[in-house]
Structure formats: structure tokens, C-alpha cells
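Student: A predicted structure for the sequence below; I have some questions about it.
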Amino acid sequence: MAGVSAQEMVNLYIEAEKAVLLAKEMGFKDRKTVMVELRDITANREKWERRLAQEQRRGRPGHSLATFD
């Protein structure tokens, strides 16, 4: 999805998870989902959360590095 931020993708996947958990139908234009695997949605949300965290760190490592002389 070109032009969509990592935060927007995380938000979309959270909404998809909510819809599945509440047993709601999801649709786009004239299409509706018939069967959705919650684990797939969750895995993709986690992927986008990692990408978002990486963007927020701007390439900095997620941990401190120590040097000993």
C-alpha cells in the first residue's frame, strides 16, 4: 500500500482484529470477507508495529551498547 504510513497500517489491523473478535462482517466496495484468520491479522499487525517502532527509532538500535576499556 503505497503512501500509507506504518501507523495507519497498525490502526487498520487493529480494526480488523476488532471486527473478527466481534464477529462483524468486513467489506470493501462490493466485496465482503467470508473467512478471516485472526492469527494472520495479528501477525501482520505485529509486523507493522515492528516497522513503526523502527521508524520511530529512526534506525537507532533498540538497546544500549557499552564499551569497556
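Tutor: That came in fine, so what should we check first? Numbers count the residues shown, from 1 in each chain.
Student: per-residue confidence for Arg45?
Tutor: Per-residue pLDDT puts Arg45 at 92.
Student: tell me the secondary structure of it, please.
Tutor: Counting by DSSP: H, G, I helix; E, B strand; the rest coil, the backbone at Arg45 sits in helix.
Student: can you pull the contacts of it?
Tutor: Arg45 is in contact with 10, 13-14, 16-17, counting by C-beta atoms under 8 Å, 6 or more residues apart in numbering. The C-beta positions use only the backbone N, C-alpha and C, and glycine is treated the same way.
Student: let's see it at 7 Å
Tutor: 10, 13-14, 17 (C-beta atoms under 7 Å, 6 or more residues apart in numbering).
Student: would you show me how to pick out the buried ones of these in ChimeraX?
Tutor: Selecting only the buried members of these in ChimeraX, with burial defined as 16 or more other C-beta atoms under 10 Å, works like this:
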select :10,13,17
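Student: inside helices: which ones of the contacts of Arg45?
Tutor: Under the assignment DSSP state H, those contribute 10, 13-14, 17 to helices.
Student: pLDDT-wise, what's the bottom of those?
Tutor: Glu17 (88).
Student: need the nearest residue in space to that residue, chain neighbours excluded.
Tutor: Excluding the flanking residues, the one nearest Glu17 by C-beta to C-beta, 6 or more residues apart in numbering is Ile41, at 5.3 Å.
Student: okay but that neighbour is in contact with Leu12, surely?
Tutor: No - contact between Ile41 and Leu12 fails when scored by C-beta atoms under 7 Å: they sit 9.7 Å apart.
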